[in-house]
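In: need a 3D model of the following:
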Amino acid sequence: MGIIITGDGKQLHHIDDFHHEQYVIDHQIPIITTPLDTYGTAVKISHLEVKINVQTLGKARKAIELVRDNLDLSKIKW
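Out: Sure, this is the predicted structure:
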């Protein structure tokens, strides 16, 4: 679960700019922003292929790279 904020480049610069920030913080809901409009974002998401299997080694490598470069794994409760 998460929130995608769409817009014309006027994305949030800080969580405090979001009206429901306390709820989002309390429930640790991730937020991402995009300059695309809602329709453009929905189209991108609908074309997204997320399956990774033995035939998609490139996707597996890219997934590992994205996680390594963008996530703080120390915050995940194991």
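In: residues contacting the longest helix that the chain contains, please?
Out: The residue-count maximum for a helix in the chain (DSSP state H) belongs to helix 57-70. Residues from elsewhere that reach helix 57-70, judged by CB atoms under 8 Å, 6 or more residues apart in numbering: 49, 51-52, 73. (Glycine included, C-beta is placed from N, CA and C.)
In: so which of those residues is the most crowded?
Out: Counting neighbours by other CB atoms under 10 Å, Ile52 leads the contacts of helix 57-70 with 15 neighbours.
In: just say helix, strand or coil for that residue.
Out: Counting by DSSP: H, G, I helix; E, B strand; the rest coil, the backbone at Ile52 sits in coil.
In: next up, the contacts around it.
Out: 59-60, 63.
In: that older thread, buried set for the longest helix of the chain?
Out: Using 16 or more other CB atoms under 10 Å as the test for burial, helix 57-70 gives no buried residues.
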